[in-house]
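>>> Next comes the sequence, and after it the predicted model I'd like to discuss.
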Amino acid sequence: MTPEQAKQLVAEAAIEYLEWDWVIGVGTGSTANLFIDELAKMKANIDGTVASSEASAERLRAHGIKVYELDQVGDLPIYVDGADEATKHLHLIKGGGAALTREKIVAAASAKFVCIADDSKLVDTLGAFPLPIEVIPMAKSYIARQLVKLGGNPVLREGVTTDNGNIIIDVHDLNIANPVELERQINQLAGVVTNGLFAQRGADVLLLGGENGVTKMTL
């Protein structure tokens with residue numbers, strides 16, 4: 001089974017968590033795109049969506065699905081998104097698509113976060129995937145120096161500007177033994193908007209697609 005086929009399985013499985021007339025929080029990236037395509041098949045049954053990026057909003061609108069701003073609808077019943085890495089504790093690294101801040105906001109505003117991924121994303125310890133950090137541009141050098149002190153190797157993601165007008169620094173070579181604490185520590189650095197650790201508010205359900213179909217993980 002290809003990763004694309006595995007992602008398709010979990011995109012379909014995530015639909016089962018939705019209820020009629022809900023406003024659905026929708027993530028960003030290749031797996032989220034497949035979920036959007038599945039959502040289009042039942043769009044008459046939902047009230048609309050809140051998107052975590054301009055790219056996802058465009059894809060939703062192209063399917064004729066209503067897209068609200070978060071402040072128009074308040075808290076959401078559910079958020080569905082992918083991940084770049086995940087652990088059995090349902091801690092995640094996200095932000096490969098540079099949408100981490102809006103993803104974190106929509107996840108925080110949602111009662112349930114259903115994370116969908118192919119099973120290659122499941123790891124014992126986070127950090128093999130470089131940790132994305134959204135940074136105010138003037139703080140770039142300062143933040144990079146602080147990240148070196150934390151044991152990381154910070155690399156500017158060239159040619160990328162977030163939907164919020166900021167830059168992304170990817171931190172390589174981190175062995176993230178305590179993701180909750182590291183998430184808090186990095187977020188306290190002046191100039192950091194947020195980082196791609198979803199540990200303080202991780203997933204509530206992790207759906208992994210693979211050769212044996214869909215595996216569901218919860219705490």
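Looks like it arrived, so ask away. Residues are numbered from 1 along each chain as shown.
>>> For burial, what's the neighbour tally of Met217?
Using other Cβ atoms under 10 Å, Met217 has 16 other residues around it. Quick note: C-beta positions are derived from backbone N, CA and C, even for glycine.
>>> List the contacts of it.
By Cβ atoms under 8 Å, 6 or more residues apart in numbering, Met217 lies in contact with 88, 90, 205-208.
>>> same thing with Val67?
48-51, 57, 60-61.
>>> run the last query once more with 6 Å
Contacts for Val67 were tallied using Cβ atoms under 6 Å, 6 or more residues apart in numbering; they are 49, 51, 57, 60-61.
>>> related to what we said a few turns ago, which of the contacts of Met217 ranks first by neighbour count?
Within those, neighbour counts (other Cβ under 10 Å) peak at Leu206, which reaches 27 neighbours.
>>> Secondary structure of that one: a helix, I assume?
No. The assignment for Leu206 is strand, going by DSSP: H, G, I helix; E, B strand; the rest coil, so no helix is present there.
>>> which non-adjacent residue is nearest it?
Met217 (4.2 Å; Cβ to Cβ, 6 or more residues apart in numbering).
>>> ditto for Val193
With Cβ to Cβ, 6+ apart as the measure, Glu134 is the residue that lies nearest to Val193, at 4.1 Å, once sequence neighbours are left out.
>>> if I look at that neighbour, how far off is Val73?
When distance is defined by Cβ to Cβ, to the nearest Å, Glu134 is 24 Å away from Val73.
>>> the more surrounded of those two?
The neighbour comparison of Glu134 against Val73 (other Cβ under 10 Å) goes to Glu134, with 23 against 15.
>>> The closest residue to Leu131 other than its chain neighbours: which element?
Among residues not flanking Leu131 along the chain, Val171 sits closest, at 4.4 Å (Cβ to Cβ, 6+ apart). Element membership of Val171 [criterion: DSSP states H and E] is strand 167-172.
>>> Mind listing what's buried along that strand?
Neighbour counts using 16 or more other Cβ atoms under 10 Å place 167-171 of strand 167-172 among the buried residues.
>>> Kindly export it (C-alpha atoms) in PDB.
Coordinates of each C-alpha in strand 167-172 appear next as PDB, following Å, rounded to 0.1, in the frame of the first residue of the first chain:
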ATOM      1  CA  ILE A 167       9.100  33.300   8.600                       C
ATOM      2  CA  ILE A 168       9.600  29.600   9.400                       C
ATOM      3  CA  ILE A 169      12.700  28.300  11.100                       C
ATOM      4  CA  ASP A 170      13.100  24.500  11.000                       C
ATOM      5  CA  VAL A 171      15.100  23.000  13.900                       C
ATOM      6  CA  HIS A 172      17.000  19.900  13.100                       C
END
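>>> tell me the domain ranges of this structure?
Under the assignment automatic domain parsing, the domains of the chain span 3-123+200-217, 131-196.
>>> Looking at those domains, which one is packed in the most?
For those, ranked by mean neighbour count under the definition mean count of other Cβ atoms under 10 Å, the leader is domain 3-123+200-217 at a mean of 20.
>>> the strands in the chain, which residues?
Secondary structure of the chain (DSSP state E): strands located at 23-26, 48-51, 67-68, 76-81, 85-86, 92-93, 110-118, 131-135, 153-156, 167-172, 192-195, 197-198, 205-210, 213-217.
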